[in-house]
Structures are given as C-alpha cells and as structure tokens.
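J.: would you be able to build a 3D model of this:
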Amino acid sequence: MKLMLLFSFFIFIFGVVLMCVRSTHLITIFLGMEFSALGVFSVIGSLSAYNSLFVLLVVICISVSEAAIMLSLMVMMTRMYGNDRCLNLMTDKS
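T.: Got it, this is the predicted structure:
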C-alpha cells in the first residue's frame, strides 16, 4: 500500500516537472498534465481503497474530458500555425 502511494506521488511529481522543465511544445505540456492527472487518480485510488468509487469515476471523467480538450487544441493550433511550439501563442498573426 505504501509502495503504491509512493509510486503515485512519483508519477504526479514527474508530470509537474515535465510541465515545468520541457515547456517548448504543447504536446509535452499536455503529456505532463496527463501524468499529473494519472498521479492524482492513483493517489485517490490507493487512499480510498475502493470505498468511494464515485470519486474515482468523477476524477477519471474530468481527466478524459481534459485530454479531449487538449487534443482538440493541438489539432487547431497545428492547423493554424503549422507546429505546436509555445512561442507561437505569444505572436500575433493577424
């Protein structure tokens, strides 16, 4: 149980570090956000020990909707700018 909790915290911290350090492309930021969501899901799952499945379902539904929104933003930005670099968000192309 403690090993699973430690591994879950490691996944969460890895996702946060990935978002902060490798923030040149949107895909790496989104991947870090998904790792963080997976870490939160694992922590809640290991702490509740299947007592509250409703909370786990809510967290996984929010994570799935977050992934769908991020994927649509990636497609939109790639069609608009031709790549997924974060520097393109700061420039005005009008």
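
J.: any low-confidence regions in the chain?
T.: Counting by pLDDT under 70, the chain shows low-confidence ranges at 49-51, 87-94.

J.: now the helices for it?
T.: Ranges of helices within the chain are 2-21, 26-48, 53-81, based on DSSP state H.

J.: switch those helices over to JSON lines; also include mean neighbour count.
T.: Every C-beta, even on glycine, is put in place using the N, C-alpha and C of the backbone. Shown next, in JSON lines, are these (neighbours: other C-beta atoms under 10 Å):
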{"stretch": "helix 2-21", "mean neighbour count": "14"}
{"stretch": "helix 26-48", "mean neighbour count": "18"}
{"stretch": "helix 53-81", "mean neighbour count": "12"}
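
J.: dump the residue contacts of the closest residue in space to V59 that isn't next to it in sequence.
T.: Nearest non-adjacent residue to V59, counting by C-beta to C-beta, 6 or more residues apart in numbering: F41, 5.2 Å away. Going by C-beta atoms under 8 Å, 6 or more residues apart in numbering, F41 touches 56, 59-60, 63.

J.: farthest-apart pair in the residues you listed, please.
T.: The most widely separated members of the contacts of F41 are L56 and S63, with 10.5 Å between them, by C-beta to C-beta.

J.: that older thread, how near is the residue nearest to V59 to I11?
T.: According to C-beta to C-beta, to the nearest Å, F41 and I11 sit 9 Å apart.

J.: repeat for S36
T.: From S36 over to I11 (counting by C-beta to C-beta), the distance is 8 Å.

J.: do M80 as well
T.: Computed as C-beta to C-beta, the M80 to I11 distance reads 32 Å.

J.: A68 too?
T.: Using C-beta to C-beta, which is the criterion applied here, A68 is 21 Å from I11.
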